[in-house]
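[1] how does the following fold in three dimensions:
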Amino acid sequence: MKKLKMSSADMVRDARARIEEIETSDLIAMRDDPNVVIVDIRDPRERQRSGFIPGSVHAPRGMVEFWIDPESPYFKEVFSEEKKFVFHCASGWRSALTVATLQDMGFEAAHLKDGFSSWDKHGGPIEFPEKKS
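    Reported below is the predicted structural model:
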């Protein structure tokens, strides 16, 4: 197989060098701040299996750029609010790439450095979706 010009690890490293990373303990302390919006970009199956941060907004990774763009037909009003947006995935890799892309678009955001797995390990509160009957 031909070697890639840049690996996914290189992309994550480069993204992390230019975005704001929030430590888990800091986000746990910020979670009740009405000026902070936590955005979960994990797949719905991950949320079903592992739970989610109470009050977080779910924005699937494949739609984030469209949901934050006011000129997109998929725009979501939550992203027009003048608040601090903190994105997260499971380990911090996808959210780092996402936030770097959003910054390139002109949307300021941060991400949870070590992801949801760290949130769970630090004892952050978790909710589970209701099971469909």
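
[2] in the protein, which helix is the longest?
    helix 93-105 (DSSP state H).

[3] okay, now the sheet partners of the next helix or strand after that helix, with direction.
    For helix 93-105, the following helix or strand on the C-terminal side (DSSP states H and E) is strand 110-112. Sheet pairing for strand 110-112, assigned by DSSP bridges, gives strand 20-22 (parallel), strand 84-88 (parallel).

[4] looking at those, which is buried most?
    Of all the strands paired with strand 110-112, strand 84-88 carries the top mean neighbour count, a mean of 24, counting by mean count of other Cβ atoms under 10 Å. C-betas here are computed from N, CA, C, even on glycine.

[5] elements contacting the host helix or strand of residue 48?
    Secondary structure from DSSP H and E places residue 48 in helix 44-50. Packing partners of helix 44-50 (3 or more Cβ pairs under 8 Å, 6 or more residues apart in numbering; DSSP states H and E): helix 115-121.

[6] chain center to the helix it packs on: distance?
    Its chain's C-alpha centre and that of helix 115-121 lie 12 Å apart, by Cα atoms, centre = their mean, to the nearest Å.
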